[in-house]
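S.K.: Requesting a structural model of the entry that follows:
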Amino acid sequence: MEDVVSGRSVANSLTSSLVVLGKENGYEFSQDELNDSWTQLQESDEGSLTEFELNVVAGGGMVTGDCT
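M.R.: Okay, the predicted model is just below:
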């Protein structure tokens with residue numbers, strides 16, 4: 001149980017830090033709005049990489065031809 005509580009504390013601290021960082025850079029949102037947006041993003045396909053992008057990021061892509 002202690003690990004779960006401390007995990008929540010870390011998550012709350014992180015989201016609080018992100019809210020402060022946003023505010024310092026001209027963005028206004030609450031911890032709840034941040035959490036809701038994160039949940040929505042995880043449940044959507046938005047932000048997912050294509051197979052090609054995954055291969056390039058993982059170093060599996062191969063560039064052929066002149067790169068200059």
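S.K.: how far away is Arg8 from Thr15?
M.R.: 11 Å (Cβ to Cβ, to the nearest Å). Every residue, glycine included, has its C-beta placed from N, CA and C.
S.K.: Flag the shaky bits of this structure, pLDDT-wise.
M.R.: Applying pLDDT under 70 to the chain flags the ranges 1-7, 59-68.
S.K.: residue boundaries of the helices in it?
M.R.: Applying DSSP state H to the chain gives helices spanning 2-24, 31-43, 51-57.
S.K.: Dump those into JSON lines; add mean neighbour count as well.
M.R.: Output for the helices of the chain, formatted as JSON lines (neighbours: other Cβ atoms under 10 Å):
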{"stretch": "helix 2-24", "mean neighbour count": "11"}
{"stretch": "helix 31-43", "mean neighbour count": "12"}
{"stretch": "helix 51-57", "mean neighbour count": "11"}
